[in-house]
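In: model the structure of this input:
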Amino acid sequence: MNENPEPLDRESAEEYASWFKALADATRIQIVSLLARRRKPMTVGEIVLASGVGQSTVSHHLKILSDVRFVLVERQGTSSLYRINEQCVSCFPTAADVVMGNPVPAAPVCE
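Out: Below you'll find the predicted structure:
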């Protein structure tokens, strides 16, 4: 064990904090889970039907999730399709380990 541990650098801490903040809402967790389990792009309407949450609420949460890159948006004409960003979501457990000071394997950069 490191006798004199250093804190996480500020830039990484801010990035990880934005991820944790984005996932600090039950509806956003449900949306991430839905998109991850469906494994296909979905419209806001499809997410609304599956989640039972109103359209404006779903849109608000999708904006937050896309800002931290957990969800990717594809524009098709007048519609937007949302899908899980597998690369970012796979980085999240490693981020939690880093924050806790646990040894972690090399992880892909979340883009």
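In: all helices for the chain, in order.
Out: Along the chain, the stretches classed as helices by DSSP state H are 10-22, 26-38, 44-51, 55-67, 86-100.
In: which residues are in contact with the third one?
Out: Yep, that's helix 44-51 we're talking about. 27, 30-31, 34-35, 42, 53-55, 58-59, 62, 80, 82 (C-beta atoms under 8 Å, 6 or more residues apart in numbering). Yep, even glycine has a C-beta here, placed from its N, CA and C like the rest.
In: could you list the buried residues of it?
Out: Buried positions in helix 44-51, judged by neighbour count with 16 or more other C-beta atoms under 10 Å: V44, E46, I47, V48, A50, S51.
In: from the residues you listed, which is closest to V71?
Out: Distances from these to V71 were compared by C-beta to C-beta; the smallest belongs to I47, at 10.0 Å.
In: quick one on the thing from earlier: any chance of TSV for the buried residues of helix 44-51, columns distance to K21 and pLDDT?
Out: TSV is the format used below for the buried residues of helix 44-51 (distance: C-beta to C-beta, whole Å; pLDDT from 0 to 100):
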residue	distance to K21	pLDDT
V44	22	95
E46	26	96
I47	21	97
V48	23	97
A50	24	95
S51	20	93
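In: which among those gets closest to F70?
Out: Within the buried residues of helix 44-51, the smallest distance to F70 is 13.7 Å, found for I47 (C-beta to C-beta).
In: from K40, how far out is the closest one?
Out: Note on I47: its distance to K40, by C-beta to C-beta, to the nearest Å, is 12 Å.
In: and Q87, what's its pLDDT?
Out: What the model reports as pLDDT for Q87 is 81.
In: give me the neighbour count for it.
Out: 14 (other C-beta atoms under 10 Å).
In: can you pull up the most central residue in this structure?
Out: If you average the C-alpha coordinates of the chain and look for the closest C-alpha using C-alpha atoms, centre = their mean, you land on F70, 2.9 Å from that point.
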